[in-house]
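**Student:** Pasting the sequence and the predicted model now:
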Amino acid sequence: MSPWGMHGLAHWWRVRHNGLLVAGSMGASRRVVTLFAIFHDSHRNDDGADRHHGPRAAAWLAGVRDGRDGCACATTLATLRALTDAEFNSLYTACDLHTGTRHHDDPTVAACFVADRLDLSRVGFRPDPRRMPAPAALVDDAFIEAAMERERKRLAWPGGAEIETVWGVRPA
């Protein structure tokens, strides 16, 4: 898959941004929301309807954390091992369920779902607040419009170009 495709780095960066915007209001872990942005689509086979990509990503995360999968860099391994069990469980659950589960009681998992769904305009859908496990006042029309505008601008929105300094990735 192209790193700049529909489910690539620009999407991950917007999901990170969206997640950080909602984390405080939802009582979510900013660290987990950030890691979700990086890993939730990392095991896609393609940009199509790959229904099992979330469970594959979750399984890979578990394998890396417990030492069964040696295909991760030292930074990733250290980052995953530094998570508390509760943080890791939230990350695992959010990756595993993000494509098929509408709501979740864990505020961090819910914030991850919201962060990803706020970027649905990239595939032609207006984000629907009824499909987001967040207070309606948080994901109002203005908030959704701002998310859609970030998607339309790719990385040319305030904060978009920071992907290079934060993740060390030069935009294509």
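**Tutor:** Yep, it's here.

**Student:** where does the residue most central in space within the chain land on pLDDT?
**Tutor:** In the chain, the C-alpha nearest the mean C-alpha coordinate belongs to Ala37, at 2.7 Å (Cα atoms, centre = their mean). Looking at Ala37, its pLDDT is 96.

**Student:** Return the distance of stretch 16-36 from the chain's centre.
**Tutor:** Here stretch 16-36 is found 9 Å from its chain centre; the criterion is Cα atoms, centre = their mean, to the nearest Å.

**Student:** Only alpha carbons, please: show that stretch as PDB.
**Tutor:** Once non-C-alpha atoms are left out, stretch 16-36 reads as follows in PDB (Å, rounded to 0.1, in the frame of the first residue of the first chain):
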ATOM      1  CA  ARG A  16      -4.000  11.600  15.800                       C
ATOM      2  CA  HIS A  17      -5.100  15.200  15.600                       C
ATOM      3  CA  ASN A  18      -8.800  14.300  16.000                       C
ATOM      4  CA  GLY A  19      -8.100  12.100  18.900                       C
ATOM      5  CA  LEU A  20      -6.100  14.700  20.700                       C
ATOM      6  CA  LEU A  21      -9.000  17.200  20.200                       C
ATOM      7  CA  VAL A  22     -11.500  14.800  21.800                       C
ATOM      8  CA  ALA A  23      -9.400  13.000  24.400                       C
ATOM      9  CA  GLY A  24      -9.600  15.600  27.200                       C
ATOM     10  CA  SER A  25     -13.400  16.000  26.900                       C
ATOM     11  CA  MET A  26     -13.900  12.200  26.800                       C
ATOM     12  CA  GLY A  27     -11.500  11.300  29.600                       C
ATOM     13  CA  ALA A  28      -9.300   9.400  27.300                       C
ATOM     14  CA  SER A  29      -5.600   8.600  27.300                       C
ATOM     15  CA  ARG A  30      -3.800  10.900  24.900                       C
ATOM     16  CA  ARG A  31      -0.900   8.400  24.700                       C
ATOM     17  CA  VAL A  32      -3.200   5.600  23.600                       C
ATOM     18  CA  VAL A  33      -5.100   7.800  21.200                       C
ATOM     19  CA  THR A  34      -1.800   8.700  19.600                       C
ATOM     20  CA  LEU A  35      -0.700   5.100  19.300                       C
ATOM     21  CA  PHE A  36      -4.100   4.100  17.900                       C
END
